[in-house]
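Student: Structure here, sequence nowhere to be found:
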């Protein structure tokens, strides 16, 4: 059973920094996983922020390029370093884990419960 937990959310002043963490348990040894961060502001849709795909790809949304960096510390942990935070970054941040399909593995998508980031205006 894959379980995903985010942490590190907080209220921080505009211009400040914050680091979020995503810890995954229950990964299957023969499967490969991609990890991505999404965020959802109140009343709005959930949007992609940044991620680590495969071994080297690091896609990132234009709205956070140059300010946010996603990193994969190991197979079980991903972080999101957030710099120069703005009020519009206020949202619930979610970690998504995608199990890549292969001979041994079916595809699967897993989400954590989220961690709240608030940047007061």
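Tutor: The structure has been received and is ready for your questions. Source: prediction; values computed, not measured.
Student: going forward, measure contacts and count neighbours with C-alpha atoms only.
Tutor: OK.
Student: With residue 54 as the reference, measure out to the nearest residue to residue 32 once chain neighbours are set aside.
Tutor: Excluding the flanking residues, the one nearest residue 32 by CA to CA, 6 or more residues apart in numbering is residue 100, at 5.5 Å. Residue 100 sits 9 Å away from residue 54, going by CA to CA, to the nearest Å.
Student: what does residue 97 give?
Tutor: Computed as CA to CA, the residue 97 to residue 54 distance reads 12 Å.
Student: the more surrounded of the two?
Tutor: Between residue 97 and residue 54, counting by other CA atoms under 10 Å, residue 97 is the more crowded of the two (23 against 12).
Student: ok, the more buried one to residue 8 distance?
Tutor: Shown here: residue 97 relative to residue 8, a distance of 18 Å by CA to CA.
Student: okay, which residue is most central for this protein?
Tutor: The centroid of the chain falls nearest to residue 37 when counting by CA atoms, centre = their mean (2.3 Å).
Student: can you tell me the helix or strand for it?
Tutor: strand 33-40 (DSSP states H and E).
Student: I'd like the next helix or strand past the helix or strand containing residue 98.
Tutor: Using DSSP H and E, the secondary-structure element containing residue 98 is strand 91-99. Remark: after strand 91-99, the chain's next helix or strand is strand 108-111, criterion DSSP H and E.
Student: Just the buried positions in that next one, please.
Tutor: By neighbour count on 16 or more other CA atoms under 10 Å, the buried set for strand 108-111 is residue 111.
Student: what's the average pLDDT for it?
Tutor: For strand 108-111, the mean per-residue pLDDT is 97.
Student: who does the next helix or strand after it pair up with?
Tutor: Next along the chain after strand 108-111, taking DSSP H and E as the criterion, comes strand 115-117. Applying DSSP bridges, strand 115-117 is found paired with strand 91-99 (antiparallel).
Student: Pull the residues that contact the partner strand.
Tutor: Contact with strand 91-99 is made by 4-6, 9, 22, 31-42, 105-118, as judged by CA atoms under 8 Å, 6 or more residues apart in numbering.
Student: That strand to strand 33-40, inter-axis angle?
Tutor: Angle, strand 91-99 to strand 33-40, by axes from the mean of the first three to the mean of the last three CA atoms, to 10 degrees: 160 degrees.
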